[in-house]
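Enquirer: Sequence below, structure please.
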Amino acid sequence: MKTQTQTSLPRRLTAFAISLCALLSFVYGVLPLLTDSVDVLDRMSILLEDNNIDPSRYYYTDVQQVEQGEQYLETVLADR
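Expert: A predicted model of the protein is given here:
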């Protein structure tokens, strides 16, 4: 007794390609527009760029620096 229906390989590849295109469009299209249109996000991204901060590096190393950076950002954003 089959509980799942089998779909053909071309149909699964098509669904994967459409999903991948949708994800990439969201990440490289919608999110940058959202960042530019929301004032707080725009200020944070400008601050990161001006100080040459690569936020992806801090997820793996320098936890103390991340905490200090977060405190600094909260102070700067609270002043505005």
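Enquirer: What segments of the chain are strands?
Expert: Applying DSSP state E to the chain gives no strands.
Enquirer: domain parsing for the chain?
Expert: 7-37, 38-80 (automatic domain parsing).
Enquirer: Reformat those domains as a markdown table; add mean pLDDT.
Expert: Formatted as a markdown table, those follow (pLDDT from 0 to 100):
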| stretch | mean pLDDT |
| --- | --- |
| domain 7-37 | 93 |
| domain 38-80 | 80 |
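Enquirer: Switch those over to TSV; also include mean neighbour count.
Expert: (Each C-beta comes from the backbone N, C-alpha and C, glycine too.) Supplementary listing: the domains of the chain in TSV, determined by neighbours: other Cβ atoms under 10 Å:
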stretch	mean neighbour count
domain 7-37	10
domain 38-80	11
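Enquirer: And the helices in the protein?
Expert: Here the chain has its helices, by DSSP state H, at 9-25, 31-37, 39-50, 63-79.
Enquirer: could you dump the third one to CSV, C-alpha only?
Expert: C-alpha atoms of helix 39-50 as CSV (Å, rounded to 0.1, in the frame of the first residue of the first chain):
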residue,chain,number,x,y,z
ASP,A,39,15.1,53.6,7.8
VAL,A,40,16.6,51.6,10.7
LEU,A,41,17.8,48.8,8.5
ASP,A,42,19.3,51.3,6.1
ARG,A,43,21.2,53.1,8.8
MET,A,44,22.5,49.9,10.2
SER,A,45,23.7,48.7,6.8
ILE,A,46,25.4,52.1,6.1
LEU,A,47,27.1,51.9,9.6
LEU,A,48,28.4,48.4,8.8
GLU,A,49,29.7,49.4,5.4
ASP,A,50,31.4,52.6,6.7
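Enquirer: tell me what that helix is packed against?
Expert: helix 31-37, helix 63-79 (3 or more Cβ pairs under 8 Å, 6 or more residues apart in numbering; DSSP states H and E).
Enquirer: what's in contact with the longest one?
Expert: Helix 63-79 is touched from outside by 40, 43-44, 47, 53, 58, with contacts defined as Cβ atoms under 8 Å, 6 or more residues apart in numbering.
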